[in-house]
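Participant: output the structure for:
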Amino acid sequence: MVTFITLLVAGFVIGSISSLIGIGGGAFMVPLLALFYVSTTQLAVGTSLAVIIFNSLSSTLGYARRRVIDFRLGLTLMVTTIPGAWLGAYLTTFISSGGLSMAFGLLLISVGFIMLTGQEPKGLALKLRGQTTSPAGDPVYSWPLVGLVGLLAGLSMGFFGIGGGIIMVPALLLLLGCEITTAVATSLFVMGPSALIGSMQHALQGDIRWMYFLPLMLGIIGGAQLGVFSSSRIPQRRVRQLFGLVLLYSAANMIWKGLR
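Facilitator: Below you'll find the model as predicted:
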């Protein structure tokens, strides 16, 4: 019962933060599970990925009511994110995660410092994309770049057990020029089907601990609604800075895991 309540509260807190900044919560759940509850990283990754499905569902419902999800962009991202999540989960049986974790952590550090400035990153998007809107005022995206973003997010999701938002939100901001709220909401929308495919592969490999999944899932559903509610009351600059702090935390965790 103590374990159930502890994980329930942890899930609520993780859901609140992750739905506010557009990540699945795996950056917190994987180290929590790996350090205190399960014997292997694969079990932590699989259990985390299964919980992320419900964070995505709860957050998507909240953001859809606010009409801030770019569904067209999200559905295009899913084309490569879903197979990427399956491939990432499959590769965990063949690839040692040490070196990859360190490389991933170094990448997150550089992006984290960019986000910590809190600046609106439209300048970089303009340089990479040229025109940012159509004559009708709709965003103009480089669809090959969208596909690459989706693939990288999916791979990170399946391999590391994170929601993919660690990759997707900065990419949507820096490369595609999305607003922070749209990037967060669209990222969470994309996560659900991708996490489902990845967690199914982990389930087939026996990498999910259902006794820990249940309290985390219940907590994260409630916490996600609080995060969505808070997102309209916190300045966008502060959301970007909070995301930068989470990136640096995730980077330190990845590098530490790679050194072990």
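Participant: tell me the centre residue of this protein?
Facilitator: The C-alpha lying nearest the average C-alpha coordinate of the chain belongs to Gly165 (CA atoms, centre = their mean; 2.6 Å).
Participant: give me the phi and psi for the closest residue in space to it that isn't next to it in sequence.
Facilitator: Spatially, and ignoring its direct neighbours in sequence, Gly165 is nearest to Ile23 (3.5 Å; CB to CB, 6 or more residues apart in numbering). Where C-beta positions appear, they are placed from N, C-alpha and C, glycine not excepted. Backbone torsions for Ile23, taken as degrees, to the nearest 10, come to phi -110, psi 160.
Participant: how about the contacts made by the residue nearest to the centre of the chain?
Facilitator: Ser18, Ile21, Gly22, Ile23, Gly24, Ala153, Val184, Ser187, Leu188, Met191 (CB atoms under 8 Å, 6 or more residues apart in numbering).
Participant: again, only using 7 Å
Facilitator: Gly22, Ile23, Gly24, Ser187, Met191 (CB atoms under 7 Å, 6 or more residues apart in numbering).
Participant: so which of those is the most crowded?
Facilitator: Met191 (38 neighbours; other CB atoms under 10 Å).
Participant: helices of the stretch 51-200 of the chain, start to end?
Facilitator: Taking DSSP state H, counting those that start in this stretch, the helices of the stretch 51-200 of the chain run over residues 71-91, 97-116, 122-129, 143-160, 165-174, 180-204.
Participant: looking at those helices, which is buried most?
Facilitator: helix 165-174 (a mean of 28; mean count of other CB atoms under 10 Å).
Participant: can I get the CA coordinates of it in CSV?
Facilitator: Output of helix 165-174 as CSV, limited to C-alpha atoms (Å, rounded to 0.1, in the frame of the first residue of the first chain):
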residue,chain,number,x,y,z
GLY,A,165,8.7,15.3,-26.2
ILE,A,166,12.4,15.8,-25.1
ILE,A,167,13.2,15.7,-28.9
MET,A,168,9.9,16.9,-30.4
VAL,A,169,9.1,20.1,-28.5
PRO,A,170,12.6,21.7,-29.1
ALA,A,171,12.4,20.6,-32.7
LEU,A,172,9.0,22.0,-33.2
LEU,A,173,10.1,25.3,-31.6
LEU,A,174,13.6,25.6,-33.1
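Participant: that one vs helix 71-91, what angle?
Facilitator: Angle of helix 165-174 versus helix 71-91, following axes from the mean of the first three to the mean of the last three CA atoms, to 10 degrees, is 140 degrees.
Participant: could you check the angle helix 165-174 makes with helix 143-160?
Facilitator: Using the same axes, to 10 degrees: helix 165-174 against helix 143-160 is 160 degrees.
Participant: state the mean pLDDT of helix 165-174.
Facilitator: On average, the pLDDT along helix 165-174 is 79.
Participant: I'd say Ala50 and Asp207 touch.
Facilitator: No - the criterion here is CB atoms under 7 Å, and Ala50 misses it with Asp207 at 9.4 Å.
Participant: could you give the mean pLDDT of stretch 192-206?
Facilitator: According to the model, stretch 192-206 has a mean pLDDT of 85.
Participant: equivalent analysis for stretch 25-40, please.
Facilitator: 81.
Participant: which residues touch that stretch?
Facilitator: Contacts of stretch 25-40 (CB under 7 Å, 6+ apart): 10, 14-15, 18, 41, 44-45, 47-49, 51-52, 55, 160-163, 166, 209, 212, 216, 220, 246, 249-250, 253.
Participant: Asp207 is in contact with Leu43, correct?
Facilitator: Yes - between Leu43 and Asp207 there is a contact under CB under 7 Å: 5.5 Å.
Participant: pLDDT below threshold where in the stretch 151-260 of the chain?
Facilitator: 161-163, 236, 240 (pLDDT under 70).
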